[in-house]
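Undergrad: Just need the structure, nothing else, for what follows:
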Amino acid sequence: MLSGTLLVVLLFSSCKEQKGKAGADMAKTNTTANKDVYYTCSMHPQVHEELPGNCPICGMKLIAVPKTSASNNMQIHLSEEQIKLGNIQTDTVGKGNIGEQMVLTGTLNFNQDKLSTVSARVEGRIEKLYFKTTGDYVVKGAKLYDLYSEQLNNAKQEYVHVIEQESVMGNSLINYEALMESAKNKLLLWGMTEGQVVDLARTKQASSLTTFYSTEVGFITTINVNEGEYVMEGGPIVQLANLSTIWAEAQVYTTQMAFINESENVSVQIPDLNKTINGTITFINPEINPETRINLVRVTIPNKDNQLHPGMPAYIIVNNKKRNAITLAADAVLRDSKGATVWVQTASGVYEVRMVKTGMTENNAVEITSGISAGDVVVTSGAYLLNSEYIFEHGSDPMAGMKM
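TA: Next up is the predicted model:
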């Protein structure tokens, strides 16, 4: 009886063990059967499952997506539904003419060579300012301010005294001519005009206040003093900007610098005035910003009738010879401080990021000098979405570590 019971137990355990082994083998077979794909949700691509099933977020059936191999870590895979939702559009790369014109977006600025500062020649107290508002136009010779200065008043009295002594003493051992010339030069050195000195010699009346006149012409950009304030010798009174010429400045990419030359004649369009002015490139910054990879170009243009004002937008048009080159729409090229990239469709639903070198930009077309070839299928709409999807899946920017 005991032996019969033992036999039954052994048979049951053996059957259970065989069943468990078979189940494990089956599970192992199911797990390894789809090792080349993973399962994701078309609505929630962050879901990655090894086995088929339903999305844990929305409950939709998971779809199979080929796994990215280590050699293709610059690729992403999208389902047809993801492509439709992202409005991913592509176009086959071809060659076209580019280079007839290069348009640079810029801004009008002060010509720094035409800025000037009117300073006090002698210390004293500002009694009156004749211009009190920035933006006022000052002509050369206009009254700027009245100054009370003990030093200057003493010098004027000295000059009058020498003139009176010369008229009284006449010819004597003292050289009054030399004394008068020395006193006069001191007054001129401290900012009085030739006419003011002549009037002083004629009237022999030294006023306690002295009027000073502008030695420059331009618009007032800064007023450095107020009435009643004391100014030291050399202290700035006003700063003036002569707008007879003005600068149009634009930023350009380093890849465009080969097509721009100093002293080159260009056209500057002023959209606010609907006019075009011819100018010359007078400066190209020799230092390139390593973070932005952009440079500064400056054009000097005439400003007739002072119609141009700093801050106005401008377009600098550089004329070049046409050439046949690979071009892409500007939206297809992603730029940052590391360079430029595009997304290329290598198969149905498979997209690969490639680093490219760009050349001239004309209207909405960007020249590609290397990185892709004619016949490649490039993403023209949705490139930013692919970039975001790559970062989401891989946890890093596709540009990281790339070298051209």
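Undergrad: just checking, what packs against whichever strand or helix holds Ala155?
TA: Ala155 is part of helix 150-169 when elements are defined by DSSP states H and E. On a contact count with 3 or more C-beta pairs under 8 Å, 6 or more residues apart in numbering; DSSP states H and E, helix 150-169 meets strand 124-129, helix 176-189, helix 194-203, strand 209-213. The way it works is simple: take the backbone N, C-alpha and C, and place the C-beta from them, glycine included.
Undergrad: Check which helices and strands the second one sits against.
TA: The contact analysis (3+ C-beta pairs under 8 Å, 6+ apart) places helix 176-189 against helix 150-169, helix 194-203.
Undergrad: hmm, back to that, of the helices and strands packed on helix 150-169, which is nearest Glu227?
TA: Counting by C-beta to C-beta, Glu227 lies closest to strand 124-129 out of the helices and strands packed on helix 150-169; the figure is 5.5 Å.
Undergrad: Give me the buried positions along the closest one.
TA: Counting neighbours by 16 or more other C-beta atoms under 10 Å, one finds that the buried residues in strand 124-129 are Gly124, Arg125, Ile126, Leu129.
Undergrad: correct me, but the first one touches Asp146?
TA: No. Applying C-beta atoms under 8 Å, one finds Gly124 not in contact with Asp146, separated by 9.6 Å.
Undergrad: Can you give me the distance of Leu85 to Trp343?
TA: 16 Å (C-beta to C-beta, to the nearest Å).
Undergrad: Which one's more surrounded, those two?
TA: Remark: of Leu85 and Trp343, Trp343 carries more neighbours, 28 against 14, as counted by other C-beta atoms under 10 Å.
Undergrad: For the host helix or strand of Leu147, list every residue counted as buried.
TA: With secondary structure defined by DSSP H and E, Leu147 is part of strand 143-148. By neighbour count with 16+ other C-beta under 10 Å, strand 143-148 contains the buried residues Leu144, Tyr145, Asp146, Leu147, Tyr148.
Undergrad: tell me which of the residues you listed is nearest to Glu389?
TA: Nearest to Glu389 among the buried residues of strand 143-148, counting by C-beta to C-beta, is Leu144 at 65.0 Å.
Undergrad: for the residue lying closest to the closest one once chain neighbours are set aside, what are its contacts?
TA: Spatial nearest neighbour of Leu144, excluding adjacent residues (C-beta to C-beta, 6 or more residues apart in numbering): Ser214 at 5.0 Å. Applying C-beta atoms under 8 Å, 6 or more residues apart in numbering, we find Ser214 in contact with Val118, Val138, Val139, Lys140, Gly141, Ala142, Lys143, Leu144, Leu240.
Undergrad: burial count for the third one?
TA: Burial measure for Val139: 9 neighbouring residues, criterion other C-beta under 10 Å.
Undergrad: right, and it touches Gly218 too?
TA: No. Counting by C-beta under 8 Å, Val139 sits too far from Gly218 to count as a contact (9.2 Å).
Undergrad: for Tyr176, what are its contacts?
TA: Val162, Gln165, Glu166, Met169.
Undergrad: Now with 6 Å, please.
TA: Contacts for Tyr176 were tallied using C-beta atoms under 6 Å, 6 or more residues apart in numbering; they are Glu166.
Undergrad: separation between it and Val198?
TA: Noted for Tyr176: a distance of 17 Å to Val198, by C-beta to C-beta.
Undergrad: Same check on Phe259?
TA: Applying C-beta to C-beta, the value for Phe259 to Val198 is 60 Å.
Undergrad: of those two, who's got more company?
TA: It is Phe259, of Phe259 and Val198, that has more neighbours when counted by other C-beta under 10 Å, with 17 against 11.
Undergrad: I'd like the distance between the more buried one and Arg323.
TA: 10 Å.
Undergrad: cool, and Val377?
TA: Computed as C-beta to C-beta, the Val377 to Arg323 distance reads 24 Å.
Undergrad: Which strand in the protein has the most residues?
TA: In the chain, assigned by DSSP state E, the strand with the most residues is strand 350-362.
Undergrad: now for it, which elements pack on it?
TA: strand 75-77, strand 339-347, strand 365-370 (3 or more C-beta pairs under 6 Å, 6 or more residues apart in numbering; DSSP states H and E).
Undergrad: Adjacent strands (with direction) for the shortest one?
TA: Each strand paired with strand 75-77, and its direction, by DSSP bridges: strand 350-362 (antiparallel).
Undergrad: Looking at the strand it pairs with now, give me its mean pLDDT.
TA: For strand 350-362, mean pLDDT rounds to 83.
Undergrad: Same check on stretch 313-323?
TA: 86.
Undergrad: ok, and what's touching stretch 135-142?
TA: Stretch 135-142 has contacts (C-beta under 6 Å, 6+ apart) with Tyr213, Ser214, Val217, Phe219, Ile220.
Undergrad: Many thanks, I have nothing further to ask.
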